[in-house]
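Novice: Kindly return the folded structure for what I paste below:
(2 chains)
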Amino acid sequence: MTHDTLLILSTIILLLPLLGFTIIIFWGKRIGATWSGIIETSILGIALILSIIVCYSKLFTFASEELIQIKFTWFDFGTGGIKVGIGLDNLAAIMLIVVTLISFLVHFFSTEYMKGDKRYSRYFAYLGIFTFSMLGIVLANNFLFMYVFWELVGLSSYLLIGFWYEKDSAANASKKAFITNRIGDLGFFIGIMMIFFTYNTLMFDEVFEAIGNGIFPFDSTAFLTATGILVFCGAIGKSAQFPLHVWLPDAMEGPTPVSALIHAATMVAAGVYLTARIFPMLTAGAFIFVAFIGAITAFIAATIAITQFDFKRILAYSTVSQLGYMIMAIGVGAYTVGFMHLVTHAWFKACLFLASGSVIHAMHHALHHLHDHHTDPQDIRNMGGLRKKMPITYITFLIATIAIAGVPFTSGFLSKDGILAATLAFAHLSGGGIYWLIPLFAFSAAGMTAFYMFRLTIEAFHGKPKIKAAAHTKENNFQIVAPLVVLAILSFWIFYSINPFDISSGWLYQKLPAPTTVVPAESQWNHLLPINDKILETQHNSHSYANLFEEEMHHQHGSAMILSILIAGGGILLAFAIYQFKLANPDNLAKQFGKLYKLSFNKWYFDEIYQKTFIGGTVLLSKLMAIFDNYVIDGLVNLSSLITRGISYFIGHFDNIVIDGLVNLSANITGFLGLMLRKLQTGKVQTYVIFVIIGIILLFYWLW
Amino acid sequence: MTINLEHYLILSVILFCFGIYGIITRKNAVMVLMGLELVLNSANINFVAFSRFGGLNIEGHVAAIFVIILAAAEAAVALAIILNIYQNYKHINVDEISNLKE
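Specialist: Next comes the predicted model:
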């Protein structure tokens, strides 16, 4: 297999979902609903197989080559052409499998879940273009393609979140998602413009090379920091980071498999992926910004998730929290574990969401069976006791819960443990102080994650059915259960590292070395700089680490592991104590922590604050503008029209009286003369003869 | 008393004036035509008088005969016109035939 075949295969993977989209959107009615589902699912199946082939060849056959890419000039623009292309490195190769596998499972799941929907075939078309856009982001090797597919992801998420647009809440949620994303994208776009202005190219490798050669925007590393932060703004929007995280929980209005797709692989992962892509050009300042955004997001979202009652909303906040983890990991410089958490999180979060889809599907059918159309099938206060009714869903959900809580022997433990070690290492190396907040947020979020995930599990699956419908649920059929099993199996440690306690010995870790930073030494963390001979002299061991940070991470590994096990265990025990064994009444606890409870239950009032400040402010500004328009602008326009009318009135009269008068006067004079002279013209020959004779006589008289 | 050129010319002038008077004052087209003939004849008298007393000789006679022939032709054409006018208007009053005005 050569480079060209690899790139051609990647292009085919990219274009397959688009092909499915085109077929279904144009001929969906003719081929029928069932067949469109089958076509799209099998297309994704083919793409998955191709992705596995591509990924395997990239990771093992072409292991020595960092990046295989193709560039071509798309269009000429001013002095130079804009180059685009696709590239394949280890990051992209692994991401290809994540996207196609989850997308395939979601498609497969949806064939049953969406059965009977009136826009069944269109749903699959949308899924297709969603997957296509995400694959485009994965394969892009330049900022332009990245941005184009970035916006396509935004568009397709808009279509899917608002898929049931008859519901107002769904329509509003899709608008909210789209607009919130646009805010982040604005920063992204400005960042891209700054890069293009400075480097005259948008290719990742060329930009990084230029930075390495000491070329900065406006010749200042401060602006390099700003550029990094601006590009990261795109990730804040897409990956639902604080303060733009508000759209993600509302995006639950879309069909549940779509939520699984958005939360696991396609949309929110894009932000983390982008941050990983621009990792080499981030400066110390940008890293701190990224790390704090991630830590704050992880913490806030975890606190909110504790008190929610909607099954999917809890999962949504857990996603926000986990995304915060990934961003934070990249922000502290732990590129590898951050991205690994994206991969492991993709499996168990997809599993959790598809399991929630399974539960909701079953609840919905049970409620439908009982002719109850008012009870919310997503509220965990209506569930309970589903363990016996839906054993497979329960077991898979439990495995994913254990994984997300960070219990040993799961994939989640591996990656989360790495991240926690990284935050500790960062706090140590960066000189402590305010930077200890990051591990503090990280560890407390880990504890809360364990707590609320087990709260959800216990409330929904354990105990006795709380309403009649919950007792009438039954396990779903093969199409729904099979993806759950696949994803649950992928949540075990064995796929990533043989040693369940040490991620750095696993193959995935080895295949994803952090890219070397290109930022000049004075504006980068010392511990992220590559170790050269001078630094090596001060080292007491000769173990080969790429930089001081990785060494420190290794040192912090043991303590981080013990701490994280203790905290996760504490969270789980607390959840069991409160919800399983009823050692404390949750309602009393809620009353006791009244203010905190309300803060968390109302999601820290973010929506209300945004409603009051930004939306209210915008509305107020619009109103002021409207008043300004109505009175000042319209007034000016009316005034000028009034003046013009006045002038015209006078000019009109001048025309009518003076000019027309002159014209009429001359006409009248001519007419009068004509009237006079016509009397000579009698038509009588005899008269003419008289004139002739008079004329002759006069002639004679004068001539003589 | 000898009759010389002045007498002929005075006769011719009187005849001419009568002719013009007839043309202007008559309403009947035939009478107008007759006035015209008088004017022509006064011219003839002039021709003949100048050929007798002036240096015109035979050319004066030829011109007079030519005028007579012309008068005959003119009378024929004019009478034909008058006949047509009569057919159209049922009269030959030249005062009322003023279509030229329009």
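Novice: which parts of stretch A:428-438 are buried?
Specialist: For stretch A:428-438, burial by neighbour count (16 or more other C-beta atoms under 10 Å in any protein chain shown) applies to A:428, A:429, A:430, A:435, A:437, A:438. Where you see a C-beta, it was placed from the backbone N, CA and C, and this is true even at glycine.
Novice: In terms of helices and strands, where is the residue of the stretch 451-600 of chain A found nearest chain B?
Specialist: Of the stretch 451-600 of chain A, the residue with the smallest distance to chain B, taken as C-beta to the nearest C-beta, is residue A:479 at 103.6 Å. Taking DSSP states H and E as the criterion, residue A:479 maps to helix A:478-489.
Novice: coming back round to it: who's in contact with the nearest residue to the residue of the stretch 451-600 of chain A closest to chain B once chain neighbours are set aside?
Specialist: Sequence neighbours aside, residue A:112 is the residue nearest to residue A:479 in space, at 3.7 Å (criterion: C-beta to C-beta, 6 or more residues apart in numbering or on different chains). Listed by C-beta atoms under 8 Å, 6 or more residues apart in numbering or on different chains, the contact partners of residue A:112 are A:476, A:477, A:479, A:480.
Novice: pretty sure the third one is touching residue A:108, no?
Specialist: Yes: the pair residue A:479 and residue A:108 passes the contact test of C-beta atoms under 8 Å, sitting 6.1 Å apart.
Novice: When the two are compared, which one has more neighbours?
Specialist: For residue A:479 and residue A:108, the more surrounded residue by other C-beta atoms under 10 Å in any protein chain shown is residue A:108, and the numbers stand at 23 against 15.
Novice: Do a quick rundown of the strands in the stretch 501-650 of chain A.
Specialist: Under the criterion DSSP state E, counting those that start in this stretch, the stretch 501-650 of chain A contains no strands.
Novice: Okay, now the unreliable bits of it?
Specialist: Along the stretch 501-650 of chain A, the parts satisfying pLDDT under 70 run over A:531-546.
Novice: what do you get if the cut-off is 80, keeping everything else the same?
Specialist: Per-residue confidence for the stretch 501-650 of chain A (pLDDT under 80) gives these ranges: A:501-510, A:514, A:521-523, A:525-555, A:580-607, A:611.
Novice: for chain B, same thing?
Specialist: Screening chain B residue by residue with the criterion pLDDT under 80, one finds the ranges B:1, B:54-56, B:95-102.
Novice: In what element of secondary structure is residue 43 found?
Specialist: Using chain A here. Element membership for residue A:43, per DSSP H and E: helix A:33-56.
Novice: switch to chain B, that's the one I care about
Specialist: Applying DSSP H and E as the criterion places residue B:43 in helix B:29-53.
Novice: I'd like to check which residues are in contact with residue A:495.
Specialist: Residues touching residue A:495, when contacts are defined by C-beta under 8 Å, 6+ apart, comprise residue A:411.
Novice: Return the nearest residue of chain A with respect to chain B.
Specialist: Across chain A, no residue is closer to chain B than residue A:683, which sits at 2.8 Å (C-beta to the nearest C-beta).
Novice: what's the burial count for that residue?
Specialist: If you count neighbours by other C-beta under 10 Å, residue A:683 ends up with 13.
Novice: for residue A:577, same thing?
Specialist: Using other C-beta under 10 Å, residue A:577 is surrounded by 12 other residues.
Novice: give me the number of residues near the closest residue to it other than its chain neighbours?
Specialist: Leaving aside its chain neighbours, residue A:577 sits nearest to residue A:583 (4.5 Å; criterion: C-beta to C-beta, 6+ apart). Residue A:583: 10 surrounding residues under other C-beta under 10 Å.
Novice: Surely residue A:583 is in contact with residue A:573?
Specialist: No: with contact defined as C-beta under 8 Å, residue A:583 and residue A:573 do not form a contacting pair (10.3 Å).
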